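Asks: I would like to see how this sequence folds:
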Amino acid sequence: MKRGSFVLAIIVSAVGAIEILGQPPVAPPGLGRGGNLPPGQVRQPGQPWPGIGVPRSGPWCDFDPDGPPPRFRCCGPIFWQPYCIPPVVYQSFSIQVTPAPVVGVPNDLLINLLARQAAQQAQGQAQGEAEPNDRPPVRPIRPAKARDAVDMRADMQKLLRKGNDAFAAGDYKQALNAYQQAVAAAPLEPTPYFHLAQAHLALNRYVEAGVAIERGMRLHPQWPQAPFQPRALYRDHAGDYERHLGALAEEVGRNINDESLLFLLAYQLWFDGRREDAVTLFRRAAALAHDTTLIDRFLKAAQQPAAE
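Replies: Numbering: from 1, shown residues only. Here you go, the predicted structure:
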């Protein structure tokens, strides 16, 4: 009895060892070992061990939904049908792409296409030789002619006259617009800047007037000696110039230490023929200003008659 129990224990141990050896050494991810199978996965039966006849367990595989259902035994689910999907080797795999077969063009078709193309080219050349005047000649596109200095100056003079007419009529906003267009037409011409300054003065825009005078004098350093007369721009509206000049003087009285306002008022008096008053204001502005380049030009021009 003891001997039979010993033999039975050996047989059971051998069967268990065979079951363990029949499984793959590394189970795929998500699969358990032994008889615990995840849902939808079964175990494929293996071949019997040689010389023993005991079937060993096959590798894990996924359940084929298109195949017949698996059969279950007391020892666990055993799949006895050939519809098991082979397992995937996760360690390494490669994808082999079979190139598409090259489809050649039949020689007859290729010859016909070449012949048809040659015939169409010959027909087009014949029509071109027979009817040379049917198609207009193709002319090259030429770039637009660049505006030279003469054209720019002509446009500036035209806009300057337009602004002067509007200024004389008392339409100072229209004059300002025309002067700005004249500056844009010829940015390197100094005269439009000085006319633009007078339009700013008429509209009580003193800061803009001073900036326009400065830009004009950068282009025309000898401007203090020019025969410019702001009063002449008003023509029949000379009273407006007196009002504009009075408004500027009142602004200077409220800001007696503002060198920009002092310079603007002195500038107007200089070209209105009151140079002595202008020199007094220029000197006060020079004592307050950081850059006296423009003021020094007027003071130097004021000393020239005495030197001569």
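Asks: export the one helix or strand residue 263 maps to as PDB, just CAs?
Replies: Assigned by DSSP states H and E, residue 263 belongs to helix 259-271. The C-alpha coordinates for helix 259-271 follow below in PDB (Å, rounded to 0.1, in the frame of the first residue of the first chain):
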ATOM      1  CA  GLU A 259      12.000 126.900 -25.000                       C
ATOM      2  CA  SER A 260       9.900 125.400 -27.900                       C
ATOM      3  CA  LEU A 261       7.200 128.000 -27.600                       C
ATOM      4  CA  LEU A 262       9.800 130.800 -27.300                       C
ATOM      5  CA  PHE A 263      11.500 129.500 -30.400                       C
ATOM      6  CA  LEU A 264       8.300 129.300 -32.400                       C
ATOM      7  CA  LEU A 265       7.200 132.900 -31.500                       C
ATOM      8  CA  ALA A 266      10.700 134.200 -32.300                       C
ATOM      9  CA  TYR A 267      10.600 132.400 -35.600                       C
ATOM     10  CA  GLN A 268       7.300 134.100 -36.500                       C
ATOM     11  CA  LEU A 269       8.600 137.500 -35.500                       C
ATOM     12  CA  TRP A 270      11.800 137.000 -37.500                       C
ATOM     13  CA  PHE A 271      10.100 136.400 -40.800                       C
END
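Asks: so where is the chain shaky, pLDDT-wise?
Replies: 1-111, 124-148, 305-308 (pLDDT under 70).
Asks: mind giving me the domain split of it?
Replies: Domains of the chain are assigned by automatic domain parsing as 2-78, 152-307.
Asks: now do the helices in the chain.
Replies: 2-22, 107-130, 149-168, 172-185, 191-202, 206-219, 238-254, 259-271, 275-288, 293-307 (DSSP state H).
Asks: so what touches the last one?
Replies: When contacts are defined by Cβ atoms under 8 Å, 6 or more residues apart in numbering, helix 293-307 is touched by residues 213-214, 217, 221, 223-225, 263, 266-267, 270, 275, 278-279, 282-283, 285-286, 289. Backbone N, C-alpha and C define where each C-beta goes, glycine included.
Asks: repeat that for 10 Å
Replies: 210, 213-214, 217-218, 221-226, 259, 262-263, 266-267, 270, 275-276, 278-279, 281-287, 289, 292 (Cβ atoms under 10 Å, 6 or more residues apart in numbering).
Asks: now swap in the third one and tell me
Replies: The contact list for helix 149-168, computed with Cβ under 10 Å, 6+ apart, reads 145, 147, 171-189, 191-192, 195-196, 198-199, 202, 232-237, 240.
Asks: need the buried ones from those residues selected in PyMOL.
Replies: Listed next is the PyMOL selection for buried residues among those, using 16 or more other Cβ atoms under 10 Å:
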select buried, resi 172+174+175+176+177+178+179+180+181+182+183+185+186+189+191+192+195+196+198+199+202+233+234+240
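Asks: returning to what we had before: which of the helices of the chain sits most buried?
Replies: Stretch with highest mean neighbour count among the helices of the chain: helix 191-202 (a mean of 24; mean count of other Cβ atoms under 10 Å).
Asks: now residue 228: how far from residue 177?
Replies: In this view, residue 228 and residue 177 are 21 Å apart by Cβ to Cβ, to the nearest Å.
Asks: likewise for residue 192?
Replies: With Cβ to Cβ as the criterion, residue 192 and residue 177 are 12 Å apart.
Asks: give me the nearest residue to residue 203, chain neighbours excluded.
Replies: Among residues not flanking residue 203 along the chain, residue 172 sits closest, at 5.6 Å (Cβ to Cβ, 6 or more residues apart in numbering).
Asks: my guess is that neighbour meets residue 240, correct?
Replies: Yes - at 8.6 Å, residue 172 counts as touching residue 240 under the criterion of Cβ atoms under 10 Å.
Asks: what sits in contact with each of the two?
Replies: Contact criterion Cβ under 10 Å, 6+ apart; residues shared by residue 172 and residue 240: residue 202.
Asks: residue 268 touches residue 262, doesn't it?
Replies: No - with contacts counted by Cβ under 10 Å, residue 268 stays clear of residue 262, the gap being 11.2 Å.
Asks: joint contacts of the two?
Replies: Common contacts of residue 268 and residue 262, defined by Cβ under 10 Å, 6+ apart, comprise residue 281.
Asks: residue contacts, residue 212?
Replies: Per Cβ under 10 Å, 6+ apart, neighbours of residue 212: 179-180, 183, 192-201, 205.
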